[in-house]
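Chemist: The sequence and its predicted three-dimensional model are supplied below.
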Amino acid sequence: MSENLLIHEEHGILRLTIDRQARMNAIDLDTMSELGETITAAQTRPEVRVIVLTGAGKAFCTGADLAAAAAAGGNEAAPETVMDRANDLVRAIVDSPLPVIAQVNGPAAGVGASIALAADLIYAVDTAYLLLPFTSIGLMPDGGATAVVAAAMGRVRAAELALLGARLPAAEAAAAGLITRSLPAEELSAQVDAAAAQLAAGPRRALQLTKAAINAATLAHLDDALAREKTGQVELLTAADFLEGMTAMLTRRAPNFDGAVRPIAHPAK
């Protein structure tokens, strides 16, 4: 197990905490894989009845650790690998027969928002927010966000979040039906604990079939969305606009997108 994922199990509740506080819990590929594998493995263990996902410190998860990937130079993973890891994690959450609760203790951005929104119950501290900042660096939403957000909020609100990268405070997300509830900091843990305890004591098979039925009715096209996102994101991750967006973000300046769609030009060797 990596040091970036804290695992605690008690009374049928499996708590998984992303712990990369120096990076505001921006998630790397190894942690993404470990998280998905742990969620998938839990379904084979009868003593586990519910899963809680959260982040350590002040953030839930602020997305993929792009800064670390940029620092890796030519050693970063292929775009297809990055997308497969993210998609596998989202599918693990959605497909798990166990109820999954997201305890959003702070900002959930990028794929971090996608991870939170894939859960069945989503409780957020009232100071948290959701953010899909992908277009600001030349990318598109991924992790199933194009399907999950639209299913919950409708097309035009989803477009506002995705196209404009508008920050959505937790209270507004709850009012729009995107998350279960927004709560004061002093009430968040108690609410999550109460919901997890109720689910852990509930009828496992009935909860499984209920979750599956709701997801079939609302997320029947999730696989198609994940496939479209992968195709689009692989193209964008190898395009010049992404290089410009990343450079601008890392140097804290406004990006200059010229609208051209072309591969990143690498120096001749």
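Modeler: That came through, no problem. Numbering: from 1, shown residues only.
Chemist: C-alpha from now on. contacts and neighbour counts both.
Modeler: OK.
Chemist: Now do Leu131: how many residues are near it, please.
Modeler: Here the number of neighbours of Leu131 (other C-alpha atoms under 10 Å) works out to 23.
Chemist: contacting residues around the residue nearest to it when sequence neighbours are not counted?
Modeler: In space, and not counting its chain neighbours, Leu131 is closest to Ala109: 4.5 Å by C-alpha to C-alpha, 6 or more residues apart in numbering. Residues in contact with Ala109 (C-alpha atoms under 8 Å, 6 or more residues apart in numbering) are Cys61, Thr62, Gly63, Tyr129, Leu130, Leu131, Leu132, Pro133.
Chemist: Was I right to think the fourth one contacts Pro169?
Modeler: Yes: with contact defined as C-alpha atoms under 8 Å, Tyr129 and Pro169 form a contacting pair (4.2 Å).
Chemist: Compare neighbour counts for the two and give me the winner.
Modeler: Per other C-alpha under 10 Å, whichever of Tyr129 and Pro169 has more neighbours is Tyr129, with 24 against 18.
Chemist: which residues sit against stretch 33-42?
Modeler: Contacts of stretch 33-42 (C-alpha under 8 Å, 6+ apart): 1-2, 5, 16, 48, 51, 85, 88-90, 92-93, 96.
Chemist: Filter these down to just the ones in helices.
Modeler: Counting by DSSP state H, the contacts of stretch 33-42 place Arg85, Asp88, Leu89, Val90, Ala92, Ile93 in helices.
Chemist: Of these, which is the nearest to Glu244?
Modeler: The shortest approach to Glu244 among those belongs to Arg85, at 24.3 Å (C-alpha to C-alpha).
Chemist: With distance to Ala176 added, can I get the contacts of Ala109 in a markdown table?
Modeler: Formatted as a markdown table, the contacts of Ala109 follow (distance: C-alpha to C-alpha, whole Å):
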| residue | distance to Ala176 |
| --- | --- |
| Cys61 | 21 |
| Thr62 | 22 |
| Gly63 | 22 |
| Tyr129 | 13 |
| Leu130 | 12 |
| Leu131 | 15 |
| Leu132 | 16 |
| Pro133 | 19 |
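Chemist: Closest one of the residues you listed to Ala225?
Modeler: Nearest member of the contacts of Ala109 to Ala225, counting by C-alpha to C-alpha, is Leu132, at 15.8 Å.
Chemist: Pretty sure that closest one sits against Leu139.
Modeler: No: judged on C-alpha under 8 Å, Leu132 makes no contact with Leu139 at a distance of 10.2 Å.
Chemist: For these two, work out which one has more neighbours and name it.
Modeler: More neighbours surround Leu132 than the other of Leu132 and Leu139, with 29 against 19 (other C-alpha under 10 Å).
Chemist: tell me the contacts of the more buried one?
Modeler: Per C-alpha under 8 Å, 6+ apart, neighbours of Leu132: Ala109, Gly110, Ala113, Pro141, Leu161, Ala162, Gly165, Ala166, Arg167.
Chemist: if you set the cut-off to 6 Å instead, what comes out?
Modeler: Ala109, Gly110, Ala162, Gly165 (C-alpha atoms under 6 Å, 6 or more residues apart in numbering).
Chemist: Check which helices and strands the helix or strand hosting Tyr123 sits against.
Modeler: Element membership of Tyr123 [criterion: DSSP states H and E] is strand 121-125. When contacts are defined as 3 or more C-alpha pairs under 6 Å, 6 or more residues apart in numbering; DSSP states H and E, strand 121-125 sits against strand 100-104, strand 181-183.
Chemist: Which residues outside the first one are in contact with it?
Modeler: Taking contacts as C-alpha under 6 Å, 6+ apart, the residues outside strand 100-104 that touch it are Ile51, Val52, Leu53, Thr54, Phe60, Ala116, Ala119, Asp120, Leu121, Ile122, Tyr123, Ala124.
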